[in-house]
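Novice: Below are the sequence and a predicted model; questions follow.
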Amino acid sequence: MTRATERAYSELQQAFDFYNQRLFDGELPDCLITFQRGKNTMGYFSYRRFVAADGSGRMIDEIALNPEYFPVYPLIEVMQTLVHEQCHMWQYHYGNPSRKTYHNAQWAAKMESIGLMPSSTGRPGGAKVGQKIKGSVWISKIIVR
């Protein structure tokens, strides 16, 4: 019998790996996926947040997802949030990020290139760049198995 914590984190790791391969050609590095509650946020990305447990001194990024949203929003929106944060990760490792939590034109272009349309409103037609991007709309690609 799989325990709840093991199952939850295993499923998130599988989703991260699936989207990393499918949308990012496997180029994203390993990260620590965490559950973090935060007011008015479904998730966030933190560059080099933790020290690797293997004793190497290597720094590990964090992708945090807010479990309070899981029972309220459909799975597809949780996965959109994961991929949204993976785009931040991609930008920190291969692009030029702006100030913390800002969604710039390069980030928006990456989102669109993998099939997500960034939107300040969570609906088509919202601003693609800015401090607060409330949601993203899938425009192509297979997103759930």
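Specialist: Arrived safely. Numbers count the residues shown, from 1 in each chain.
Novice: quick one: the strands in the chain?
Specialist: 31-35, 43-51, 59-65, 116-119, 135-138 (DSSP state E).
Novice: Out of those, the one nearest residue 74 is which?
Specialist: Among the strands of the chain, the nearest to residue 74 by C-beta to C-beta is strand 135-138 (11.7 Å). No exception for glycine: its C-beta is placed from N, CA and C like everyone else's.
Novice: I'd like the strands of the chain as CSV, with mean pLDDT, distance to residue 96 and mean neighbour count appended.
Specialist: Listed next are the strands of the chain as CSV, based on pLDDT from 0 to 100; distance: least, C-beta to C-beta, whole Å; neighbours: other C-beta atoms under 10 Å:
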stretch, mean pLDDT, distance to residue 96, mean neighbour count
strand 31-35, 96, 20, 17
strand 43-51, 95, 13, 17
strand 59-65, 97, 17, 19
strand 116-119, 90, 17, 21
strand 135-138, 71, 20, 19
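Novice: mind checking which of the ones you listed is nearest residue 88?
Specialist: Between residue 88 and the strands of the chain, the tightest spacing by C-beta to C-beta is seen for strand 43-51, at 3.8 Å.
Novice: Any chance you could list what contacts the closest one?
Specialist: Residues from elsewhere that reach strand 43-51, judged by C-beta atoms under 8 Å, 6 or more residues apart in numbering: 32, 36, 38, 57-66, 81-82, 84-86, 88-89, 92, 97, 101.
Novice: list the contacts for the spatially most central residue of the chain?
Specialist: Central residue of the chain (C-alpha atoms, centre = their mean): residue 85, 2.2 Å from the mean position. The neighbours of residue 85, taking C-beta under 8 Å, 6+ apart as the test, are 43, 44, 45, 63, 64, 65.
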